[in-house]
Structure formats: C-alpha cells, structure tokens
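Engineer: below are the sequence and a predicted model; questions follow.
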Amino acid sequence: METLNEIFPIILYGLLIVLVITLIVLAIKLIGTLRKVDEVVDDVNGKVKSLNGVFNVIDTATDAISGVSDKIVSIISGAIGALVKKKTKKKEEEEDE
C-alpha cells in the first residue's frame, strides 16, 4: 500500500505535466490560427469597402428608377381616373335628361 502511495502521485504529476504541455501547444496553435483569421477578416473588410461605392451607385440608380416609375404610374392612373369621371358624368347627364 505504501508503494502505491508513492507511485500514484508520480503518475499523476507526469500526466499533469503532459496535460500542461499539450495545453500550451494548443494555445500557441490557437493564437496562430486567430492571427490568420484576423488577416482574412481584414482582407474581406478591405474588399467590402472597395465595393461599397458600387453599391451606393446601384442604390442611387434604383431610387431614381423607382421615382420615375412611380411618376409614370401616377400619371397613367390619373388619366384613367379622368376618363372614368368623364364617362360617369356623361351617363349621369344622359340619365338626367
């Protein structure tokens, strides 16, 4: 039993040393991976900023086209509404006579 009390702590300390070394190696690899990820994110941010101007142009063009189409629709609906009012006025005048 005494030999077990002497050998067990040695085994535990050995395993603890292996565990600490493994964690240190994993932490170093994780730091390297995070650096690479940071570089990729910076690269993507740079590319997005370069495309930002294109998206602004597309947005402005879309707004202009939308405004023109709204204007055309309002003119056409106003013309149709005027025609309908004329026809209803003619029918009312014919009915009044």
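Structural biologist: All right, it came through fine.
Engineer: next, name the residue at the spatial heart of this protein.
Structural biologist: In the chain, the centroid-proximal residue (CA atoms, centre = their mean) is Val48; its distance is 11.7 Å.
Engineer: residue ranges with poor pLDDT in the chain?
Structural biologist: Low-confidence segments of the chain (pLDDT under 70): 90-97.
Engineer: repeat the analysis, applying 80 as the threshold.
Structural biologist: 1, 86-97 (pLDDT under 80).
Engineer: picking up where we left off before, element containing the residue nearest to the centre of the chain?
Structural biologist: helix 2-96 (DSSP states H and E).
Engineer: pull the distance from that helix to the chain's centre.
Structural biologist: In this view, helix 2-96 has its centroid 0 Å away from the chain centroid, taken as CA atoms, centre = their mean, to the nearest Å.
Engineer: packing partners for it?
Structural biologist: Packing partners of helix 2-96 (3 or more CB pairs under 8 Å, 6 or more residues apart in numbering; DSSP states H and E): none among the helices and strands. Heads up, the C-betas are built off the backbone N, CA and C, glycines and all.
Engineer: about what we covered before: roughly how far apart are the residue nearest to the centre of the chain and Ala61?
Structural biologist: 20 Å (CB to CB, to the nearest Å).
Engineer: I am finished for the moment; much appreciated.
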